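Q: got a predicted structure plus its sequence, pasted below:
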Amino acid sequence: MSNSDIPEHLPERQAGIVRMARGHLQQYVETDGEEGYYRSGHTNPLPSLILTTTGRRSGKPYSTPLFFGEDSGRYI
């Protein structure tokens, strides 16, 4: 999925988030998680995973990075 298919009606801030997520996903997948597991550029990097779901009607897989953390031994 390329950045050229971002809906034009999205405000620039949301379109920027979509571009960032797609870049992160691409980096994670191309390096098998070697790069992209931790969100870089922050003082406290967050680990991430790739959540893939299947479209109910289309049957197509959809993947997105999901950041998580730990709080008192629980993942959030």
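A: Done, it's in.

Q: any stretches of the protein with poor pLDDT?
A: 1-4, 40-42 (pLDDT under 70).

Q: ok, 90 please
A: For the chain, the stretches flagged by pLDDT under 90 are 1-29, 32-49, 64-71, 75-76.

Q: name the helix or strand for the spatially most central residue of the chain, please.
A: Compute the mean C-alpha point of the chain, and by C-alpha atoms, centre = their mean the closest residue is residue 65, 2.4 Å away. For residue 65, the host element (DSSP states H and E) is strand 61-67.

Q: before we move on, what about residue 44?
A: Using DSSP H and E, residue 44 falls outside every helix and strand.

Q: separation between it and residue 67?
A: Applying C-beta to C-beta, to the nearest Å, the value for residue 44 to residue 67 is 11 Å. C-betas here are computed from N, CA, C, even on glycine.

Q: so for those two, which sits in the more crowded spot?
A: Remark: of residue 44 and residue 67, residue 67 carries more neighbours, 13 against 7, as counted by other C-beta atoms under 10 Å.

Q: grab the nearest non-local neighbour of that one.
A: residue 46 (4.4 Å; C-beta to C-beta, 6 or more residues apart in numbering).
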